[in-house]
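> Mind looking at a prediction? Sequence and model below.
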Amino acid sequence: MDPKKQEKTTVETTASQNAEPAGMCPMVVSRERWGAAAPRSRDRLTDAAKRAVIHHTALWPCTGPQQCFVQLQHIQKLHMVHRGWDDIGYNFLVGEDGSVFEGRGWGIVGAHTKGNNHDSIGIAFIGDFNNQVPTSAALSAARQLLQCGVALGHLHPTYALLGHRDLADTECPGKLLYTQLQFLNHFTD
Ligand SMILES: [Zn+2]
């Protein structure tokens with residue numbers, strides 16, 4: 001069976017069964033837990049984010065805490081040392097097993113979509129989704145995180161969900177992940 005087709009069926013099934021109230025927030029692995037370095041500085045978003053932008057890290061996938069923690073520390077270092085940003089660029093990151101990791105967190109201006117960071121939050125799927133199909137666990141975690149953002153008032157109730165490629169000349173978040181975004185609520189291409 002075509003894995004892409006299989007994934008699509010899984011996602012649609014999950015969506016139709018998705019009856020949890022908006023207040024259900026996923027468990028988020030804290031920065032302390034994954035060993036994040038302190039940010040150089042943080043700017044607060046002035047309002048609830050109007051857009052949620054989905055990214056991929058374009059590196060390796062990770063499964064299990066230890067593998068993911070190493071990956072997260074590596075990404076933070078890339079962003080802070082090599083790109084000179086104040087912190088890891090994304091607000092949140094999602095692992096293949098559906099684990100959600102705190103990046104900059106809610107209400108903080110990210111560094112993920114140049115020119116668009118002041119009214120958006122950035123969520124990155126860990127892996128390279130030009131070659132890899134996102135798991136239904138990861139997609140479901142992202143969906144729950146978005147609902148949680150609205151419930152907590154950090155995301156505007158009518159927020160637009162976009163892929164990075166909708167706002168910049170980039171392949172991000174990879175074609176196999178981008179294809180799946182259309183099955184999520186609020187998707188706007
Ligand atoms: Zn991106």
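Happy to help now that I have it.

> C-alpha only now, for contacts and for neighbours.
Will do.

> what helix or strand is the residue of the chain found nearest the ion on?
Per C-alpha to the ion, His55 is where the chain lies closest to the ion, at 4.0 Å. Element membership of His55, judged by DSSP states H and E, is strand 49-56.

> residue closest to the middle of this structure?
In the chain, the residue lying closest to the centroid (C-alpha atoms, centre = their mean) is Ile123, at 2.0 Å.

> and that residue, that one's in a strand?
Yes - checked against DSSP: H, G, I helix; E, B strand; the rest coil, Ile123 lies within a strand.

> And the pLDDT for it?
Per-residue confidence (pLDDT) for Ile123: 98.

> got the contact list for it?
Going by C-alpha atoms under 8 Å, 6 or more residues apart in numbering, Ile123 touches 52-55, 90-94, 142.

> Now tabulate the residues you listed in a markdown table and tack on pLDDT and neighbour count.
Shown next, in a markdown table, are these (pLDDT from 0 to 100; neighbours: other C-alpha atoms under 10 Å):
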| residue | pLDDT | neighbour count |
| --- | --- | --- |
| Ala52 | 98 | 25 |
| Val53 | 98 | 24 |
| Ile54 | 98 | 28 |
| His55 | 98 | 28 |
| Tyr90 | 98 | 28 |
| Asn91 | 98 | 24 |
| Phe92 | 98 | 24 |
| Leu93 | 98 | 27 |
| Val94 | 97 | 26 |
| Ala142 | 97 | 25 |
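
> can you redo these as JSON lines with distance to Val28?
What follows is the contacts of Ile123, written out as JSON lines (distance: C-alpha to C-alpha, whole Å):
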{"residue": "Ala52", "distance to Val28": "17"}
{"residue": "Val53", "distance to Val28": "18"}
{"residue": "Ile54", "distance to Val28": "17"}
{"residue": "His55", "distance to Val28": "18"}
{"residue": "Tyr90", "distance to Val28": "14"}
{"residue": "Asn91", "distance to Val28": "12"}
{"residue": "Phe92", "distance to Val28": "9"}
{"residue": "Leu93", "distance to Val28": "10"}
{"residue": "Val94", "distance to Val28": "10"}
{"residue": "Ala142", "distance to Val28": "11"}
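
> which of those residues lies closest to Thr179?
Lowest distance from Thr179 to the contacts of Ile123 (C-alpha to C-alpha) belongs to Ile54, with 11.8 Å.

> C-alpha coordinates for the strand holding His55, CSV please?
Listed in CSV are the C-alpha atoms of strand 49-56, where the atom choice follows Å, rounded to 0.1, in the frame of the first residue of the first chain:
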residue,chain,number,x,y,z
ALA,A,49,-0.8,35.2,17.4
LYS,A,50,-2.9,35.4,14.2
ARG,A,51,-0.9,32.8,12.4
ALA,A,52,0.7,29.4,13.1
VAL,A,53,3.6,28.5,10.8
ILE,A,54,4.6,24.9,10.4
HIS,A,55,8.3,24.1,9.8
HIS,A,56,10.5,21.1,9.7
